Structures are given as structure tokens and as C-alpha cells.
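**Student:** Mind folding the following:
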Amino acid sequence: MPTTSDVIETAQNDETAAELRAVAGLLIRRMREESNSAELTWSQGLVLSHLDRNGPATVTELARVERVRSQSMGATVGVLESRGLVVGEPDQADGRRKVLRLSDEGRAMLKTQRREREGWLSANLTDRLSAEERDVVARSLPLLRRLAERDDV
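**Tutor:** Next up is the predicted model:
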């Protein structure tokens, strides 16, 4: 049987989780609003970021990592290919498969969006938070990263 302190801790964790979800969503929306470069959907941006961080991948691999159906990922990749942001080439090991890589245009778009969003965020950290508050945010980043990382990938 849960103790009173267990019940209180669970309620506090639930409140913290709800607030963290809301704040993370708001922060993401604000950064997207502040990016002036050509718009990408959320899933398109994730694909570009994945290819940038991890190198070439197949549609199936991207779908598994992002936890979507291969058909959905195929549609996302198709748009990126038509815009020249990713390039598909035959897999050396299995010519029936296509390996996708980030194009120079895709890398440039990703770099521009990151620079715009990070610039907005950096300016707001400076303008809206004290040095002590910025230090708290910086010290919280490893904890937030641990929460966000997947154990199964």
C-alpha cells in the first residue's frame, strides 16, 4: 500500500510532467515561429536532423527511429527529395533499397534554421533571464537530455 509521501510524490511528478510538456511545446512553437527560412513540417525537419547527425539511412530505418509507418516516412522523404534536400542512391549491399543522404541544400537549410532558432533562444536567455537563472537552465540540460533520450535506439 502506498504511503502518504508516495502519493504526494506521484502527484508532484504528475504536475511537473504536465508543466514540462506544456513548456516544451510552447518553446518549440516559439522557436519555429522565429525561424524565417523556408518552412519544413516537423517530420521533415526530424528526417533532415537525423541524416545530419547519423549519416545516410533507408526509409525503413528512418521510419523505425521516428516510430512511424514506412509508407508515411516514404511520403515525407518524397517531398524532401523533390525539394532537393535529400538524395537517394542505390544501397551498395542491396540494390533494391535506396539509401538517403542529406544534400548540400538540405544541410544549408538545416544550418540556417538552427542558426535562426538558436539565435532567438540565445537572445532571449540574455534578455529575459539573470546570470543565475541562465546557470540553472544550463545545469538542467543533462537531466532534460536523459529524459528525452530513448533506451531502445
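
**Student:** Quick one: residues contacting the residue nearest to the spatial centre of the chain.
**Tutor:** Nearest to the mean C-alpha position of the chain, by Cα atoms, centre = their mean, lies Leu46 at 5.4 Å. Remark: with contacts taken as Cβ atoms under 8 Å, 6 or more residues apart in numbering, Leu46 is in contact with Glu66. Placement of C-beta: from N, CA and C, glycine included.

**Student:** So it belongs to a strand, correct?
**Tutor:** No: read with DSSP: H, G, I helix; E, B strand; the rest coil, Leu46 is helix and lies in no strand.

**Student:** so which strand or helix has the residue nearest to Ser70 when sequence neighbours are not counted?
**Tutor:** Once its chain neighbours are removed from consideration, Ser70 has its nearest residue in Ala63; the separation is 4.5 Å (Cβ to Cβ, 6 or more residues apart in numbering). Counting by DSSP states H and E, the element that carries Ala63 is helix 59-66.

**Student:** Good, wrapping up.
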